[in-house]
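[1] next come a sequence and a model predicted from it.
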Amino acid sequence: MAFELPPLPFNTNALAANGMCQETLELHHGKHHQAYVTALNGFVEKDASLQGKSLDEIVTLTAQTPGPVFNNAGQHWNHILFWQNLSPTGGKIPGALEAKITEDLGGVEAFKTAFKAAATTQFGSGWAWLVLGKDGKLAVTKTPNGSNPLATGEGKVLLGLDVWEHSYYLDFRNRRPDYVTNYLDKLANYEFALAELSAA
């Protein structure tokens, strides 16, 4: 069974008022994410050891020797989560999640400061994450390129932000800090993060 590009959970123009234009979503989802899916399917088709495996299995299996398979599997995994992390009504943190953030990270502002630092200090391409660690506490982390906390074993992802330039250049040019702030304040789907936290 070939991997497929998941549909966006909103229209391509749904985030425009909150800082992510329709062209960004059309290019990012329809071109970049689709390219990862197409490439991954090509690798799986040629490698019997990958056939029949889930995306999670391929990511963890190839994480120790990163290469083209891992890069494309990781990016497919990351983007599936990324689209769910965005919302036209984002930016509002539910009380239960705010309480957990306050308990583990010292408050909402401390969390946002840590997340922004992770996202802006990731050299080159990569991702910033809010994870539930194996110790049961929230943590902010970052990974380069197509890697993720599933590959590194850092915990269950609640939020993940793409800081590759293609994710923000049309809207923010080279102002990555502004893109990160805009995400945290206007686009982040904290309801999704809470659902993932509750499920864990």
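    On my side now, so go ahead.
[2] can you give me the end-to-end span of stretch 48-64?
    Start-to-end span of stretch 48-64 (CA to CA, to the nearest Å) is 19 Å.
[3] can you tell me what sits against it?
    3, 40, 43-45, 69-70, 73-74, 76-77, 80, 147-148, 150-152 (CB atoms under 8 Å, 6 or more residues apart in numbering). (Glycine included, C-beta is placed from N, CA and C.)
[4] distance of the most centrally placed residue in the chain relative to residue 8?
    The centre of the chain sits closest to residue 160, judged by CA atoms, centre = their mean, with a distance of 3.2 Å. Look at residue 160 and residue 8: by CB to CB, to the nearest Å, they are 16 Å apart.
[5] domain ranges for the chain?
    The chain breaks down into these domains under automatic domain parsing: 21-84, 95-199.
[6] show me the longest helix that occurs in the chain.
    helix 68-84 (DSSP state H).
[7] elements contacting that helix?
    helix 34-46, helix 55-62, helix 149-152, strand 156-162 (3 or more CB pairs under 8 Å, 6 or more residues apart in numbering; DSSP states H and E).
[8] residue 92: which of the ones you listed is closest?
    Of all those, strand 156-162 sits nearest to residue 92, with 13.6 Å by CB to CB.
[9] contacts for that closest one next, please.
    Contacts for strand 156-162 (CB under 8 Å, 6+ apart): 28, 78-79, 81-82, 85, 115, 119, 127-132, 138, 148-150, 180, 183, 188-190, 192-193, 196-197, 200.
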